[in-house]
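# With the input below, show me the fold.
(one chain, ligands or ions: 1)
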Amino acid sequence: ETGLYIVATPIGNLGDMGQRAVQVLRDADLIAAEDTRHSARLLQHFGIESPAIPYHEHSGERAPARIVNTLRDGGTVALISDAGTPLISDPGYRLVREVQAAGHKVVAIPGPCAAIAALSVCGLPTDRFRFEGFLPAKAGARAQRLQDLVDEAASLVFYEAPHRVADALHAMVGVFGPEREAVLVREITKTFETVHRAPLAELHGFVVSDANQQKGEIVLVVAGRDQGDVSLDADTARLLERIAEELP
Ligand code: SAM
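Residues are numbered from 1 along each chain as shown. So this is what the prediction gives:
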């Protein structure tokens with residue numbers, strides 16, 4: 001059936017590819033891929049020969065004419081990202097809006113997502129969670145973002161680049177305090193899959209003392225504020241943050 005299919009793909013293990021995902025991609029008149037070279041391996045592995053074009057999201061960019069034309073002609077288009085579920089810290093939001101506004105159907109083909117996989121094994125409450133995606137790279141903006149989350153009671157889910165994970169945990173110790181529980185979930189579905197839960201200060205130590213923990217793909221899950229916790233006023237929090245910065 002005509003429309004735009006949002007297709008989830010594996011986050012490291014090709015065995016996680018869904019049957020419906022394979023079928024939709026095989027049948028698609030056009031595949032819009034975040035990175036066509038990256039996706040070539042996946043498509044080849046599953047014998048998918050549909051034509052693929054790149055789709056990136058730069059603010060204000062319109063859907064490539066080929067996508068619009070294919071849908072208008074009654075064809076099907078499938079959107080995939082490099083890994084996992086498109087639109088989750090990946091491009092596609094504008095495309096979905098634009099395609100819906102043009103009166104076409106948008107259909108989810110659900111599957112792997114690093115945030116959901118991490119939540120399912122982290123051992124922290126999952127009845128409520130808040131997905132925060134990537135923290136800002138700059139220290140000041142990152143501290144501000146964390147400060148805004150300090151009273152959040154739901155579990156917090158972050159994606160983090162391996163070369164920034166130690167810094168991010170250090171900043172979290174400063175803002176959330178050393179005792180708040182957190183979980184490093186690394187390389188899910190891959191050879192070096194790791195799930196390590198500890199109080200923030202300890203988790204920071206674990207990551208700093210072992211360079212291997214600063215490699216690969218990482219999700220951090222941080223416990224929400226305890227019901228019993230007293231939140232610090234902004235001045236005290238800033239003072240603690242400054243003290244934490246002085247710590248080795
Ligand atoms: N759309 C993807 C999804 O559904 O999870 C996320 C894309 S985002 C650009 C990439 C980030 O997801 C990585 O930097 C990492 O934080 C997380 N990630 C992806 N695959 C992962 C894996 N196998 N293990 C741990 N984290 C992963």
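# Please report the distance of the closest residue to the ligand within the chain from L25.
Distances between the chain and the ligand by Cβ to the nearest ligand atom are smallest at G84, namely 2.4 Å. C-betas here are computed from N, CA, C, even on glycine. Counting by Cβ to Cβ, to the nearest Å, the separation of G84 from L25 is 15 Å.
# And F131, by the same measure?
Applying Cβ to Cβ to F131 and L25 gives a distance of 26 Å.
# And R130, by the same measure?
For R130 relative to L25 (Cβ to Cβ), the value is 32 Å.
# pLDDT value on the residue in the chain sticking out farthest from the centre, please?
Relative to the C-alpha centroid of the chain, counting by Cα atoms, centre = their mean, D73 is the outermost residue, at 33.4 Å. pLDDT for D73: 97.
# the more surrounded of F131 and L25?
Ranked by neighbour count (other Cβ atoms under 10 Å), F131 and L25 place L25 first, with 27 against 16.
# of all the residues in the protein, which ones are close to the ligand?
Residues of the chain lying near the ligand by Cβ under 6 Å from any ligand atom: 11-12, 81, 83-85, 88-90, 113-115, 159-161, 185-190, 217-219.
# Now, of the residues you listed, which are buried?
11-12, 81, 83-85, 88-90, 113-115, 159-160, 185-189, 217-219 (16 or more other Cβ atoms under 10 Å).
# So which of those residues sit within helices?
Using DSSP state H, the members of those that fall in helices are 114-115.
# low pLDDT regions in this protein?
59-61, 227-233 (pLDDT under 70).
# In it, what residue spans correspond to helices?
Taking DSSP H as the criterion, the chain carries its helices at 19-27, 36-45, 65-72, 93-101, 114-122, 139-148, 165-176, 200-208, 234-246.
# helices or strands up against the fifth one?
For helix 114-122, the elements it packs on are strand 155-160, strand 181-186, strand 194-199, strand 218-222, judged by 3 or more Cβ pairs under 8 Å, 6 or more residues apart in numbering; DSSP states H and E.
# any idea how far Q19 is from the residue lying closest to I67 once chain neighbours are set aside?
Leaving aside its chain neighbours, I67 sits nearest to V77 (5.3 Å; criterion: Cβ to Cβ, 6 or more residues apart in numbering). Separation of V77 from Q19 (Cβ to Cβ): 20 Å.
# Lovely, talk soon.
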